[in-house]
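Q: need a 3D model of the following:
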Amino acid sequence: MKNTIETLVETQLTDYFGNGPSSPARVSLYDTVRQTLINAAQTKAAEGLSPAEAVEAAFDEMPMLSSLIANTDADQSKTASQTTDEGKTAHHAHHIDIDEDGIRVDDGKTMRVDNKGITLNEGRTLRADANGLKIGDHVFGVDPTDPLSEASWRDGDDFEMLPPNQDTHFDSTSLKTIDIMATHTTLSVFPTDGDEVLIRERITGSNDDYRARTRVAGDTLQIMQGTIPHFFRLRVYLDILIPSNFKGQIKIRAHRSKLDLKSLTDLENLSLTVDSGTVRLNEITAATLAVQLTSGTISLAKTDVQTTLTLAEKSGIVNMIDVTSPVLNIVNDNGTFSGMGLHGAGSITGHAGTINAQFDQITGDWQVENGSGTIALTMPNTDYFFDLEAANGTVKGPKATQYEHNVLSLKEGTVGDHPEYRLTVRAKSGTINVR
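A: Numbers count the residues shown, from 1 in each chain. All right, here's what the predicted structure looks like:
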């Protein structure tokens, strides 16, 4: 049974393709456009849009299909007919070759499919290859947010392909950095005994180009995702097991991926940059931790950072449970922040959404700001100064020993007789509630 997104895409494509002639070029164009739209809509649905909204957004990003189809039909007509000296038109059948080199229609002039990509009408209608996707006059190159577009990772021939269906081992005794780049991948990083990094990959495609590559450059192990095909969803599962005695840094740059890191201890630095996807960290200890996510969900549990924890997300959900750091700097522009069992000091900043935090211990000042939405904070049983203000909204303050200001939108005072740290909360509009 077809899912909702496929049905919605095919229904809208009927308005463009109708019941017109089914030439090889038109059929290939339909299949390519259909799969491209389905993949785009599925990605947008995973980011939170409803199926209908995801399909509409995918069509909005597609060039004008009507003119594209018309150009395809026009090119097909030129290829399929020739005019005689008497002005008569003589039609000829298409010549199709299928062999180990691929598929060719009319010697590749109408359609060519091989290991380099796909072309329709010699690339005038469609071209898809390692350089990106071209439909009509519209060109879609490598996604600039895709970490694998970095030239430094594509240069050189010293990357080695991971062998299929077996583990790959690297001695970690001289390694200081493990640098990982992935796209459309389910990536898991866990500890292991011994002194070797173990890499295990499972993919749904059989093409060797899809397999990950590795190399050791000085004291850095680099792990790079293989080529991702344009027109079908490749499922990639990459497990990386790191020795529990590894004390260096781990850098991960990922695009539309799921990241799961667990039980990694005593790291010098952990840095994650994810375009969109899901990030889960559990039982992590590091000197510094930095996480950047464009959209998606971030979950941190039982995480202890010795110096600074920085987390920034443009849109999505941030969940923290039992997180400790002397300095926590958290930014979630649009979405929901939920924190329970927070230990430390720092700031939480939002633009629109909800901030809900429960502090078990404060070791310094806290600054909480939100543009619009609700701020709800639960403070530990300790003495502190507080300064709470909503420009357009209401403020409910804690049970204070003394209020200096106590009006609807402003509460200022102290809790306890010996306050040491200060809680400052600001909201442009919405509700502030401190318990």
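
Q: max-length strand in this protein?
A: Looking across the chain with DSSP state E, the single longest strand is strand 257-378.

Q: is R127 in a bridge, and if so with what?
A: T119, K134 (DSSP bridges).

Q: how near is it to G346?
A: To G346, R127 is 50 Å away according to C-beta to C-beta, to the nearest Å. C-betas here are computed from N, CA, C, even on glycine.

Q: now swap in I178 and tell me
A: Distance, I178 to G346, by C-beta to C-beta: 27 Å.

Q: identify the residues contacting T324.
A: By C-beta atoms under 8 Å, 6 or more residues apart in numbering, the contact set of T324 is T303, D304, V305, L342, H343, G344.

Q: how about a cut-off of 7 Å?
A: Residues near T324 by C-beta atoms under 7 Å, 6 or more residues apart in numbering: D304, H343, G344.

Q: any idea how many residues pack against the last one?
A: Going back to what we said before, that points to G344. 21 (other C-beta atoms under 10 Å).

Q: who does the most centrally placed residue in the chain bridge with?
A: In the chain, the centroid-proximal residue (C-alpha atoms, centre = their mean) is S276; its distance is 1.9 Å. Beta-bridge pairing for S276 (DSSP bridges): S295.

Q: now swap in G350 and tell me
A: N332, N370.

Q: show me the protein divided up by domain.
A: Here the domain parsing of the chain from automatic domain parsing is 4-81+95-140, 147-255, 268-435.

Q: which of those is buried the deepest?
A: domain 268-435 (a mean of 18; mean count of other C-beta atoms under 10 Å).

Q: so how far is stretch 9-20 from its chain's centroid?
A: 31 Å (C-alpha atoms, centre = their mean, to the nearest Å).

Q: do the same with stretch 387-404
A: Per C-alpha atoms, centre = their mean, the centroid offset for stretch 387-404 relative to its chain is 39 Å.

Q: which residues touch it?
A: Against stretch 387-404 from outside (C-beta under 7 Å, 6+ apart): 379, 386, 408-417, 422, 424-435.

Q: between its first and last residues, how far does that stretch reach?
A: One end of stretch 387-404 sits 10 Å from the other (C-alpha to C-alpha, to the nearest Å).

Q: and if you look at stretch 251-262?
A: Terminal residues of stretch 251-262 are spaced 15 Å apart (C-alpha to C-alpha).

Q: then stretch 44-54?
A: 5 Å.

Q: any low-confidence regions in the stretch 101-250 of the chain?
A: 115-116, 129-166, 204-207, 228-234 (pLDDT under 70).

Q: do a quick rundown of the helices in it.
A: Secondary structure of the stretch 101-250 of the chain (DSSP state H, counting those that start in this stretch): helices at 151-154.

Q: which SS state does P398 fall under?
A: Here P398 is coil, with the state taken from DSSP: H, G, I helix; E, B strand; the rest coil.

Q: separation between I348 and E10?
A: 45 Å.

Q: pLDDT and distance to P191 added to the contacts of T324, as CSV?
A: Conversion of these to CSV gives the following (pLDDT from 0 to 100; distance: C-beta to C-beta, whole Å):
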residue, pLDDT, distance to P191
D304, 98, 15
H343, 98, 24
G344, 97, 25
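
Q: quick one on the thing from earlier: can I assume the residue nearest to the centre of the chain is in contact with T294?
A: Yes: the criterion here is C-beta atoms under 7 Å, and S276 meets it with T294 at 5.3 Å.

Q: contacts only, for the closest residue to T4 other than its chain neighbours.
A: Closest residue in space to T4, ignoring its immediate chain neighbours: P51 at 4.4 Å, by C-beta to C-beta, 6 or more residues apart in numbering. P51 sits next to T4, I5, L8, A45 when contact means C-beta under 7 Å, 6+ apart.

Q: now pLDDT too, for those, in JSON lines please.
A: Formatted as JSON lines, those follow (pLDDT from 0 to 100):
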{"residue": "T4", "pLDDT": "86"}
{"residue": "I5", "pLDDT": "88"}
{"residue": "L8", "pLDDT": "88"}
{"residue": "A45", "pLDDT": "83"}
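
Q: and the residues you listed as CSV, adding distance to D260?
A: Formatted as CSV, the contacts of P51 follow (distance: C-beta to C-beta, whole Å):
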residue, distance to D260
T4, 28
I5, 26
L8, 31
A45, 21
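
Q: identify the farthest-apart pair in the residues you listed.
A: L8 and A45 (10.5 Å; C-beta to C-beta).

Q: now do stretch 370-377, average pLDDT.
A: Average pLDDT, stretch 370-377: 93.

Q: got a list of contacts for it?
A: By C-beta under 7 Å, 6+ apart, stretch 370-377 touches 350-357, 368, 425, 427-434.

Q: also stretch 304-323?
A: With C-beta under 7 Å, 6+ apart, stretch 304-323 has contacts from 285-303, 324-342.

Q: list phi and psi for A46.
A: phi -70, psi -20 (degrees, to the nearest 10).

Q: in a helix, D97, correct?
A: No: using three-state DSSP, the secondary structure at D97 is strand, not a helix.

Q: start at 48 instead
A: Will do, 48 is the new start, and the previous item becomes D144.

Q: does H452 really touch T461, like I thought?
A: No: between H452 and T461 there is no contact under C-beta under 7 Å: 11.9 Å.

Q: quickly list what's touching both of those two.
A: In contact with both H452 and T461: no residue, using C-beta under 7 Å, 6+ apart.

Q: re the thing from before, phi, psi for the residue nearest to T51 please.
A: Dihedral angles (degrees, to the nearest 10) for P98: phi -60, psi -40.

Q: okay, it: pLDDT?
A: 87.

Q: same question for A121.
A: 61.

Q: start to end distance for stretch 152-167?
A: Start-to-end, stretch 152-167 (C-alpha to C-alpha) is 9 Å.

Q: distance from the chain centre to it, please.
A: In this view, stretch 152-167 has its centroid 32 Å away from the chain centroid, taken as C-alpha atoms, centre = their mean.

Q: cool, stretch 82-100 as well?
A: Distance, centroid of stretch 82-100 to centroid of chain: 14 Å (C-alpha atoms, centre = their mean).

Q: can you give me the angle the helix or strand where A437 lies makes with strand 304-425?
A: In the assignment (DSSP states H and E), A437 maps to strand 431-443. Interaxial angle, strand 431-443 versus strand 304-425 (axes from the mean of the first three to the mean of the last three C-alpha atoms, to 10 degrees): 90 degrees.
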